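Visitor: All I have is the shape, not the residue letters:
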């Protein structure tokens with residue numbers, strides 16, 4: 001499909017007008033942006049313009065148009081973020097991501113930049129850094145009937161005890177924040193949930209603190225973490241002091 005400059009400009013204008021930078025005063029050389037999806041429906045058609053044939057085929061396999069549109073938007077958002085990280089015009093150059101063995105996205109032409117992306121129904125979250133390997137996660141704030149059983153299975157005993165001491169509303173938000181922190185930590189070292197959510201342990205203090213991390217990745221001192229409390233959904237950022245890369 002021929003990519004029209006006018007379509008690209010419309011897409012870029014949309015992202016520039018709709019995204020906001022997440023302030024990170026103590027996280028130098030790390031950029032995080034947020035795109036809220038409330039009120040954006042349906043997704044404009046120009047988001048199809050630069051998807052690869054493989055991505056187009058994947059988009060067609062989703063069960064509903066809404067899910068397909070959300071996927072297309074996520075992929076366009078990734079390309080917009082890549083252009084921002086590279087300091088290039090997303091109109092003149094369409095950046096293409098590759099993926100590592102465990103699905104971590106990277107730019108083959110700029111492997112020194114660490115990227116992380118996450119999404120929920122409420123919005124899209126992206127981050128990048130040339131200094132750190134980073135991980136991001138965001139979750140929709142929602143009622144959870146199975147919170148207790150999931151906490152026992154995936155969290156540390158101290159985390160489970162701390163959650164049990166909270167009231168129902170605070171417990172749900174704290175649970176989802178812990179989940180985000182753990183997923184973000186795993187992403188920062190290129191691992192998935194199968195590695196073990198309980199390999200990283202956090203306190204529920206304000207600000208949150210990392211209290212345990214695998215020594216194979218440098219232990220607690222090798223990580224910096226933050227709950228992104230300014231966002232409307234539970235979200236977290238974790239950076240490692242290892243050089244950025246795939």
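Guide: That came in fine, so what should we check first? Keep in mind that what you see is a predicted model, and the values were worked out from it rather than measured.

Visitor: what's the burial count for residue 56?
Guide: Using other Cβ atoms under 10 Å, the number of residues around residue 56 comes to 13. C-beta: built from backbone N, CA, C; applies to glycine.

Visitor: For it, give its distance to residue 164.
Guide: Residue 56 is 47 Å from residue 164, where distance means Cβ to Cβ, to the nearest Å.

Visitor: Tell me which stretches of the chain form helices.
Guide: 5-18, 53-60, 65-86, 147-154, 157-164, 168-188 (DSSP state H).

Visitor: Export those as CSV, with columns for distance to residue 108 and mean pLDDT.
Guide: Formatted as CSV, the helices of the chain follow (distance: least, Cβ to Cβ, whole Å; pLDDT from 0 to 100):
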stretch, distance to residue 108, mean pLDDT
helix 5-18, 21, 76
helix 53-60, 16, 82
helix 65-86, 11, 88
helix 147-154, 34, 91
helix 157-164, 38, 93
helix 168-188, 19, 95
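
Visitor: looking at those, which is buried most?
Guide: helix 168-188 (a mean of 22; mean count of other Cβ atoms under 10 Å).

Visitor: quick one, domains of the protein?
Guide: Domain segmentation of the chain under automatic domain parsing yields 5-137, 139-240.

Visitor: Kindly tell me how buried residue 233 is, as a neighbour count.
Guide: 22.

Visitor: What of the one 5 residues further on?
Guide: Burial measure for residue 238: 29 neighbouring residues, criterion other Cβ under 10 Å.

Visitor: residue contacts, residue 186?
Guide: 135, 192-193, 195, 197, 199-200 (Cβ atoms under 8 Å, 6 or more residues apart in numbering).
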